[in-house]
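K.L.:
predicted model and sequence follow; I will ask about them next.
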Amino acid sequence: QVQLVESGGGLVQDGGSLRLSCVASGSMFFLKSMAWYRQPPGKQRELVAAITPDGKIDYATFVKGRFTISKVNAERTVYLQMNSLKAEDTAVYYCNISPATPAGPWGPGTQVIVSS
């Protein structure tokens, strides 16, 4: 089982940038695809970006060209560089394996608030 701790969220102005980090423990980090998800206020959790063990990457349409997912295996860390942030990017951001079980387990997430 993977334990996950997300960090790097905060308050940023429209057009700004943030870099999220997710430290994962457990051997599944190296065997499973990892992904960033987000849950906007009042909405369901949605997939943002995913990276396979061999580095293949997919993005949700709404973040293509603005967000970049990466990982450093030696650090057991997955990153999400978010540029050109918009108010609609406001959400709690989570990392997890991909695909993830909706019931969890999930980490605490990190809150991103983009002010317009």
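P.N.:
Looks like it arrived, so ask away.

K.L.:
show me what contacts residue 110?
P.N.:
6-9, 20, 92-94 (Cβ atoms under 8 Å, 6 or more residues apart in numbering). C-beta coordinates here come from the backbone N, C-alpha and C atoms, glycine included.

K.L.:
show me what it is bridged to.
P.N.:
Beta-bridge partners for residue 110, by DSSP bridges, are residue 93.

K.L.:
which residue is nearest the middle of this protein?
P.N.:
residue 36 (2.6 Å; Cα atoms, centre = their mean).

K.L.:
for this protein, which segments count as helices?
P.N.:
With DSSP state H as the criterion, the chain has helices at 28-31.

K.L.:
now the helix-or-strand element of it with minimal mean pLDDT - C-alpha only, PDB.
P.N.:
The weakest-scoring helix or strand in the chain, judged by mean pLDDT, DSSP states H and E, is helix 28-31 (a mean of 80). Extracted in PDB, the C-alpha atoms of helix 28-31 (Å, rounded to 0.1, in the frame of the first residue of the first chain):
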ATOM      1  CA  MET A  28       3.900   0.400  -5.500                       C
ATOM      2  CA  PHE A  29       5.300   3.800  -6.400                       C
ATOM      3  CA  PHE A  30       7.700   2.100  -8.800                       C
ATOM      4  CA  LEU A  31       5.200  -0.400 -10.100                       C
END
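
K.L.:
just to revisit the earlier point, out of the contacts of residue 110, which is nearest to residue 86?
P.N.:
residue 93 (14.2 Å; Cβ to Cβ).

K.L.:
now that closest one: how far from residue 30?
P.N.:
Using Cβ to Cβ, to the nearest Å, one obtains 22 Å as the distance from residue 93 to residue 30.

K.L.:
can you give the distance from stretch 32-45 to the centre of its chain?
P.N.:
7 Å (Cα atoms, centre = their mean, to the nearest Å).

K.L.:
cool, thanks, signing off.
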